[in-house]
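Undergrad: Sharing a sequence plus its predicted fold:
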Amino acid sequence: MTTAPRVLVAMSGGVDSSVAAALLRDAGHDVTGVTLKLWGGESDSGCCSAADVEDARRVAAQLDIPHYVFNFADDFESRVVGPYVDAYADGRTPNPCVECNRSIKFGRLLERADALGFDAVATGHHARVRSDGAGRWRLRRGLDTAKDQSYVLYMLGQPELDRTLLPVGELTKNQVRDHAARLGLRTAAKPESMDVCFITRGGREEFVSARAGARPGAVVDGDGAVIGGHDGVTGFTIGQRRGVGVATGERRYVVDLDAATATVTLGRREDLLRDAVELRDLHFVDGAPAAGDLVDVQVRAHGTPLPGRLDGSGVRFERPQPRVAPGQVVAVYDDDTLLGGGIAI
């Protein structure tokens, strides 16, 4: 008698992970749901709350599968929240969802799943894991390109993909909601979580300043002339236009941040243009493509892919593009297949 694969499903309390659990149960897997307790502070993003834990628990009960809560709050603080604050204080623009996936969901959770004897971990990410037929795994965009989340999974390699299931990547978001409604799941019409899960909307600057302190400084133009002041570089990011606090009579963008001197430099859009971006922590799903190969470059979670070529430790664009903020992920694709990526310097 063949034993059904044991799958640990990360259930956030949202509709995507609810349907992921349902699909795997109906496919004959031995499914257990788990909700991760990551943040106990104030949040209005639609995840990481007691209500979300309760939603996940009740969906698991509807599906008649076991449900547990794993407390990874200390890891989340040290590996996600702390580095997020440090990055902004240093003038960089981090992506905490990427670090949460790297360290928590496909780090600590995979470790715990292995220790408990599970064969695989599943999440509600909109992306697809596919075999190439030769024993290697590929990570492809979700079927619903408007909801595709492969960008924030660029750090996954062969060992992780070998035991990762992403069932809702084969569905559109409307199909996910329709399936949840057919099953009568309480999360069927639940709004999507937005923004950073551990910060209230619009509260980034206050959150970071409360933890890292605020250092007022000067706002200067491209020639170094002082044209204003600010309360701290944590309130700015490269490319920002609104909310710079200086009226210049024409559009100005943040073109540089110097945390050491607390200086914010404004310039025109053309001052942002760059031919290339250098990357650190380069990672590829299954080996790096050949240097000089034409790839699709994505610099935001739902940004339009841009043509470029890998060039040493970075990417060179076919046409100049606005500067990528240091700390942001740059992912490279071959059509809808994620090749890998790194973090802008």
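TA: Yes, it's here.

Undergrad: Share the number of residues neighbouring Asp275, please.
TA: By other C-beta atoms under 10 Å, 12 other residues sit near Asp275. Glycine gets a C-beta too; all of them are placed from N, C-alpha and C.

Undergrad: Hmm, it is touching Glu318, no?
TA: No. Asp275 is not in contact with Glu318 according to C-beta atoms under 8 Å; the separation is 9.4 Å.

Undergrad: Domain boundaries for the chain, per the record?
TA: 6-125+166-183, 214-267, 273-344 (automatic domain parsing).

Undergrad: Tell me which of the ones you listed sits most buried.
TA: Among the domains of the chain, ranked by average contacts under mean count of other C-beta atoms under 10 Å, first place goes to domain 6-125+166-183 (a mean of 20).

Undergrad: Can you check the distance spanned by that domain, start to finish?
TA: In domain 6-125+166-183, first residue to last residue: 22 Å (C-alpha to C-alpha, to the nearest Å).

Undergrad: And that domain, how far out from the chain middle?
TA: Distance, stretch centre to chain centre, for domain 6-125+166-183: 13 Å (C-alpha atoms, centre = their mean, to the nearest Å).

Undergrad: longest single strand anywhere in the chain?
TA: What stands out as the longest strand in the chain, according to DSSP state E, is strand 273-284.

Undergrad: What is it packed up against?
TA: For strand 273-284, the packing partners by 3 or more C-beta pairs under 8 Å, 6 or more residues apart in numbering; DSSP states H and E come out as strand 314-322, strand 337-344.

Undergrad: out of the ones you listed, nearest to Pro66?
TA: Between Pro66 and those, the tightest spacing by C-beta to C-beta is seen for strand 337-344, at 32.1 Å.

Undergrad: Direction included, what does the closest one pair against?
TA: Here strand 337-344 has these sheet partners by DSSP bridges: strand 137-141 (antiparallel), strand 273-284 (antiparallel), strand 329-334 (antiparallel).

Undergrad: Now the following helix or strand past the shortest one: buried residues?
TA: Downstream of strand 137-141, the first helix or strand assigned by DSSP states H and E is helix 158-161. Neighbour-count burial for helix 158-161, with 16 or more other C-beta atoms under 10 Å as criterion, is recorded at 160-161.

Undergrad: and helix 158-161, C-alpha only, in CSV?
TA: Taking C-alpha atoms only, helix 158-161 is exported to CSV below (Å, rounded to 0.1, in the frame of the first residue of the first chain):
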residue,chain,number,x,y,z
GLN,A,158,17.0,22.8,-6.5
PRO,A,159,17.0,21.5,-2.9
GLU,A,160,14.0,23.8,-2.0
LEU,A,161,12.1,23.2,-5.2
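
Undergrad: Which elements pack onto it?
TA: In terms of contacts (3+ C-beta pairs under 8 Å, 6+ apart), helix 158-161 is packed against strand 137-141.

Undergrad: What sits closest to Thr123 if chain neighbours are left out?
TA: Spatial nearest neighbour of Thr123, chain neighbours left out: Ala10 (4.8 Å); criterion: C-beta to C-beta, 6 or more residues apart in numbering.

Undergrad: returning to what we had before: let me have the domains of the chain in CSV, extended by distance to Pro159 and mean pLDDT.
TA: Shown next, in CSV, are the domains of the chain (distance: least, C-beta to C-beta, whole Å; pLDDT from 0 to 100):
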stretch, distance to Pro159, mean pLDDT
domain 6-125+166-183, 9, 94
domain 214-267, 33, 93
domain 273-344, 11, 96
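
Undergrad: Adding distance to Ile199, write these out as TSV.
TA: Output for those, formatted as TSV (distance: least, C-beta to C-beta, whole Å):
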stretch	distance to Ile199
domain 6-125+166-183	7
domain 214-267	12
domain 273-344	16
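
Undergrad: Now do the helices in the stretch 1-150 of the chain.
TA: Taking DSSP state H, counting those that start in this stretch as the test, the helices found in the stretch 1-150 of the chain are 15-26, 50-63, 73-76, 82-89, 96-100, 109-115.

Undergrad: With distance to Glu160 added, can I get those helices in a markdown table?
TA: Shown next, in a markdown table, are the helices of the stretch 1-150 of the chain (distance: least, C-beta to C-beta, whole Å):
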| stretch | distance to Glu160 |
| --- | --- |
| helix 15-26 | 17 |
| helix 50-63 | 23 |
| helix 73-76 | 17 |
| helix 82-89 | 20 |
| helix 96-100 | 14 |
| helix 109-115 | 7 |
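
Undergrad: Of all these, which one comes closest to Asp335?
TA: Asp335 lies closest, by C-beta to C-beta, to one member of the helices of the stretch 1-150 of the chain: helix 96-100, at 22.0 Å.

Undergrad: Determine the set of other helices and strands touching that closest one.
TA: Judged by 3+ C-beta pairs under 8 Å, 6+ apart, helix 96-100 is in contact with helix 82-89.
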